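1. The amino acid sequence is not available; the structure is as follows:
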C-alpha cells in the first residue's frame, strides 16, 4: 500500500483500463473483441494527444518567429469573442490584448515550468531513490524519512508555503515544483533499484569488480530510466496543474507575463457576461493536461507489461 | 516520529529561510532598531536554534502558534474560526465522491468493457485532468450562472440555515469531488474485477444469489481496502484543493486565510496553518488502520491479541 | 435409472490472444438420480472447467456449446434469472479450497442462510435455526457460536464442512463437489469424504465427485468417468472400471495407484509425458503418451463406443483386452 502514497493521482489509482474483464455474469461474452476495440480507441486518443502536444510545443517554441500580436498591449476592443477569422481567432481579453498570443506565450510558461521542474525532480529523485534502494540500510532510512516528510504536506499547501517565503520568480517556481515532483521519483527509483540489485547482471558486474558508481550508472540507470521517463508524463500533468493553480491564485509568474492559470483568473470576473474569457484558456489547459495523462497512462502500461514479461 | 520532527522543524525554520529579516517584512515601513529587536524577541529569534525549536514545539503542542502581527489575534483562534468551513467542504466532497464512485465502480466492474465502462474510462480521464479552478468555473457557469440552481459565491453558516448552507457548499464540494470520483471509481473497479474472480464469489453465485447481492454483499467489502487508503490520503489533497475552491467561491475557510496571509506576508499565520495541516494529514493516515479493522475481521483479531 | 442431469456434446473453449484454447471437448455424461458419479482426470484434463460450465461460472472469454439438460430444460441457454432459481436450490457446488471459497469478511451464519432465505422463502429466524441444525448434523461443535463468527476462526476441515453446509442449505437434488478434499490434510480428507457419502445416501441426492485421485472414488461412487484432454475416454460402473479398464489411460491411472498388499518399496507406476496443454483436434489426445498408439491413433479420433452389457464405454482403437492382436495387425499393415 505504501506504493500509493506520494504518487500523483492517476498513478496512485493504479489505473489500467485493459485490466482483464471480470465475470459480469455473462457466461459467453466476447471479452477479447471488446478489449481490442478499447485498444483501438486508446491508440486514437494517444495519436490525438501527440498531435495536440506537438502543436502546442511548436507554437510555444516558435512564438517569437510567428506573426503574433504583442501579448502585453491591446490590439483591439476589450472582450472580443472568438470566431473563425484570421485576425485574433481567439478574441481579446478584458483590456483588449490578444488571447491567441497570450495563450501561446502562456504555453511557454506552463510547458517550460512543467517539463523543467519534472526533469529536475527526475534527476534528484531518481538519484536519491537509486542510492536508497541500492545501498539500503541507514542511507535508505534517512532518504525515506525525508521523503515522507515532504509527503506529509498536501502538495498545494507546500507550494504555497514556499511561495510565501521566497520571491515570486521563474526559478523559485521551477525549484519548488521540482521539490514537489521529487518524492514520486524517489519511490519509483528505489523500488526499481531494489528489484534489480539482486538480478544476475548486477551480481555479475559486481563480481567482476565494478565500482558502486559504475553499477549505478551503467547497470541500474539504463534499466530504470525507461520506467521513470514513462511516469514523467503523468507527473508533468500534475505539475502543470499545480502551476496553473498557483497562477490562478495570483502566486505564480508575476504579470504581465501571461500564464494559462492567470488568464483563467482574470476571465473569472466576466464569467456571467463573457464566459469565453474563462473557457478559451481553460479548454487549452485541459487538453494539454489530458494529453499528458493519456500518453503517460499509455507509456506506463506499455512499460509495465514489458516488465512483467521480463520477470 | 522522525517525520513529525522534520515536519515541525522545517515549518518553524520557514521564518528564517526567507530572504531578508522577517522583522522588516512584518513591520513594513515602521522600522526602528528597537522595534526590530522587539520583534526578534517576540519571535524568539535571539535565542539559539535548538532552544527556539523546543519552545516553539512546546507552544505548538498546545495549538499556540503565536499571534498574528496583522490581526493581533492568536493564530490558532483565526484557524479555528475558519476550520468548520474547510472541514465541511472536505467531508462533503468525500461523501459525494464515495456516493457516486461506489455505484459507478460496481457497475463498470460488473459490465467491464461494456459501453458505459468504455465511456467512463474516457470520462474519468477527463475528470482527472481537470484542475479545481477550471472545473469550479465550469460548474459555476452552468449550474450557478446559467441554471441558477446554486449560488456562485458566499457562505451561510450551518447553524443559521442548514438548507442554504448545503446549497452554498454544494458547488465547491462537487468541484472537489469530481476528481476523487474518477480516481476512486477506477481504483475500486479494478479491485472488484479482481475480487469477482475469487472462489468465494463464484461460490456465492453458485448458490443462486442475484448479481446485485453478490456484488454488494460479497465483492464490495473485500475490494475496498485500497480505496480506504486512498480516501485517507486524499483528505490531504482535498485540503489542498480547498485553497483553490475557497478562493474561487469566496468561502471563509482556512484556505482563504492561507492566501490572505501569504499576500500580506503574515508569516506566523502561514506557519501555523502549514503545520496544522501537515499534522492533521499525519493523524488521518494513522487513523486509517481503524477503518481496516472495520472492513476486515481478520485484522480485528490481530488487534485483539 | 432416470437421468437427472444430462450433458450432450458439451464443449468449452477460451478465446485468448493466442487463439482458441479448447478445455472441454464434446462431452456426453449422465448423472442418475440418487447415484454418485466420479469424474477423474489429471490436472488440466478439463474436469474443473466442465463443472464450472454446468454451473455457468466461467470467465467472460469462455465459449460454450452443447446442452446440459435438467428437468427438460437446457441449463446453458436458460435465462440467468431462471437459472439462478435452480442454482443452490436444485444444483449446488462445493469448491476445492475452503480457504478461498468462503468470504473472509462475511459472517458464517449469513453465508449459510442467504441462499435459504432466497430460495425457501422462510424467516430469518427459521433460516438460522435450520442452518444451526445443519452445522450440528455436519459435526461442527458449538454451531451457534460458529454462525456468529468469521471463516478465519475455523480450521480447514471445519471450513470445508461449512462450505458443504452452505451448498446443502436448500437440500438440492444434485451436488457437484470439485476436488472437495484436495486442499485438506489426509486424515481430514477421509472424514469429509465419508461425510459427503453419508449425506448423499441420507438425502437421496445425486453427486458428481470430481477428483484427480482414483483412490478417492474407489468404493465411494457408483459410476466413474475418466477424462483426458477435455474428453471422456472411458466411463461405466466404478467396480467394472476398476476390475477391467479398457482404455490404456484408465489402466495407467490404476497402475499408478498405491495398493494395499503390494510389495514393500515397490516402485509406483507413472505415466510418461505430460497432459496436453492445447488440444490437437486430430487423433486420440492420449496417443503421444500411449504405449499402444499406432498411426491410426494419431490421425483419427476414437469415439466413445456404445455401452456394453456391464455399462462400460471407452474411446480407444486398441482397448486393453485386444492389445496383442491389434498391435500385431498394425505391425502387419506397415
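-> Perfect, thanks for sending it. Everything numeric here is computed off the predicted structure, so don't read it as measured data.

2. Run through the stretch 201-311 of chain A and note the low-pLDDT ranges.
-> Along the stretch 201-311 of chain A, segments meeting pLDDT under 70 span A:303-311.

3. show me where chain C has strands.
-> Secondary structure of chain C (DSSP state E): strands at C:3-16, C:19-32, C:36-40, C:62-70, C:73-74, C:91-94, C:174-178, C:206-211, C:223-228, C:231-237, C:313-314.

4. Wondering if the fifth one reaches chain A at all.
-> Translated: strand C:73-74. No: on the criterion C-beta under 8 Å from any C-beta of the partner chain, strand C:73-74 is out of touch with chain A, staying 12.6 Å away. For glycine as for every other residue, the C-beta is placed from the backbone atoms N, C-alpha and C.

5. Any buried residues in stretch B:103-119, and which?
-> Neighbour-count burial for stretch B:103-119 flags B:104-114, B:117-118 (criterion: 16 or more other C-beta atoms under 10 Å in any protein chain shown).

6. hmm, back to that, pick the most deeply packed of the strands of chain C.
-> strand C:91-94 (a mean of 28; mean count of other C-beta atoms under 10 Å in any protein chain shown).

7. average pLDDT across it?
-> Mean pLDDT, computed over strand C:91-94, is 92.

8. Just the residues contacting it, thanks.
-> Applying C-beta atoms under 8 Å, 6 or more residues apart in numbering or on different chains, the external contacts of strand C:91-94 come out as B:203, B:206-207, C:5, C:51, C:54-55, C:57, C:70, C:75, C:101, C:160, C:163-164, C:167-168, C:170, C:172-178, C:180.

9. Likewise for stretch A:102-116?
-> Contacts to stretch A:102-116, defined as C-beta under 8 Å, 6+ apart, come from residues A:56-57, A:59-60, A:63, A:66, A:68, A:71, A:90, A:93, A:170, A:173-174, A:177-178, A:236, A:239-240, A:243-244, A:247, A:252-253, A:257-260, A:262-263, A:280-281, A:284-285, A:288.

10. 6 Å instead?
-> Applying C-beta atoms under 6 Å, 6 or more residues apart in numbering or on different chains, the contact partners of stretch A:102-116 are A:56, A:59-60, A:63, A:71, A:173-174, A:236, A:239-240, A:243, A:253, A:258-260, A:284.

11. I'd like to know which of those residues are part of helices.
-> A:56, A:59-60, A:173-174, A:236, A:239-240, A:243, A:260, A:284 (DSSP state H).

12. Chain A: helices as residue ranges?
-> With DSSP H as the criterion, chain A has helices at A:9-12, A:31-61, A:99-135, A:137-151, A:155-165, A:170-196, A:200-207, A:212-214, A:221-248, A:260-267, A:276-310.

13. Around chain B, which positions in the stretch 101-250 of chain A sit nearby?
-> A:145, A:148-149, A:152-157, A:161, A:164-165, A:241, A:244-245, A:248-249 (C-beta under 6 Å from any C-beta of the partner chain).

14. List only those of the residues you listed flagged as buried.
-> A:148-149, A:152-157, A:161, A:164-165, A:241, A:244-245, A:248-249.

15. Residue C:100: neighbour count?
-> The number of residues packed near residue C:100 is 18, by other C-beta atoms under 10 Å in any protein chain shown.

16. Check the gap between the nearest residue to it once chain neighbours are set aside and chain A for me.
-> Leaving aside its sequence neighbours, residue C:100 sits nearest to residue B:199 (C-beta to C-beta, 6 or more residues apart in numbering or on different chains; 4.1 Å). Distance, residue B:199 to chain A, by C-beta to the nearest C-beta, to the nearest Å: 12 Å.

17. again with residue C:238
-> Counting by C-beta to the nearest C-beta - residue C:238 and chain A are separated by 31 Å.

18. Wait, that residue touches residue C:224, no?
-> Yes: Residue C:238 sits in contact with residue C:224 when judged by C-beta atoms under 6 Å, with a separation of 4.4 Å.

19. Any stretches of the stretch 151-300 of chain C with poor pLDDT?
-> By pLDDT under 70, the low-scoring segments of the stretch 151-300 of chain C are C:259-268, C:274-281.

20. Mind listing the residues bridging to the residue of it found nearest chain A?
-> For the stretch 151-300 of chain C and chain A, the shortest gap (C-beta to the nearest C-beta) falls at residue C:176, measuring 15.8 Å. Beta-bridge partners for residue C:176, by DSSP bridges, are residue C:93, residue C:208.

21. these two touch, right, it and residue C:53?
-> No: with contact defined as C-beta under 6 Å, residue C:176 does not count as touching residue C:53 (10.7 Å).

22. Mind jotting down where the helices sit in chain C?
-> C:47-54, C:80-86, C:108-119, C:124-137, C:143-148, C:156-168, C:186-203, C:214-217, C:238-243, C:248-255, C:295-299, C:323-333.

23. between those helices, which gets nearest to residue B:186?
-> For residue B:186, the closest of these is helix C:80-86, at 27.3 Å, according to C-beta to C-beta.

24. How about the closest one and chain B, touching?
-> Yes: judged by C-beta under 6 Å from any C-beta, helix C:80-86 comes into contact with chain B at residue C:84.

25. which other residues reach that helix?
-> With C-beta under 6 Å, 6+ apart as the criterion, helix C:80-86 contacts residue B:208.

26. buried set for that helix?
-> Using 16+ other C-beta under 10 Å as the test for burial, helix C:80-86 gives C:83-84, C:86.

27. Chain neighbours aside, what residue packs nearest to residue A:82?
-> In space, and not counting its chain neighbours, residue A:82 is closest to residue A:91: 4.3 Å by C-beta to C-beta, 6+ apart.

28. how near is the one you found to chain C?
-> Distance from residue A:91 to chain C, by C-beta to the nearest C-beta: 50 Å.

29. That residue - how many residues pack around it?
-> Counted with other C-beta under 10 Å, residue A:91 comes out at 22.

30. C-terminal to the host helix or strand of residue B:231, what's the next element?
-> Using DSSP states H and E, the element containing residue B:231 is helix B:225-248. Proceeding N to C from helix B:225-248, the next assigned helix or strand is helix B:254-263, under DSSP H and E.

31. Check whether that following helix comes into contact with chain A.
-> Yes: legend: contact between helix B:254-263 and chain A by C-beta under 6 Å from any C-beta is shown at B:259, B:262.

32. The buried residues of stretch B:103-119: which ones sit near chain A?
-> Restricting those to those near chain A - C-beta under 6 Å from any C-beta - leaves B:109-113, B:118.

33. Contact partners for the residue most central in space within chain C?
-> Central residue check for chain C by C-alpha atoms, centre = their mean: the C-alpha nearest the mean position is that of residue C:210, 2.4 Å away. Residues counted as contacts of residue C:210 (C-beta under 6 Å, 6+ apart) are C:39, C:47, C:51, C:178-179.

34. can you rerun that using 8 Å?
-> Contacts of residue C:210 by C-beta under 8 Å, 6+ apart are C:38-39, C:47-48, C:50-51, C:176-179.
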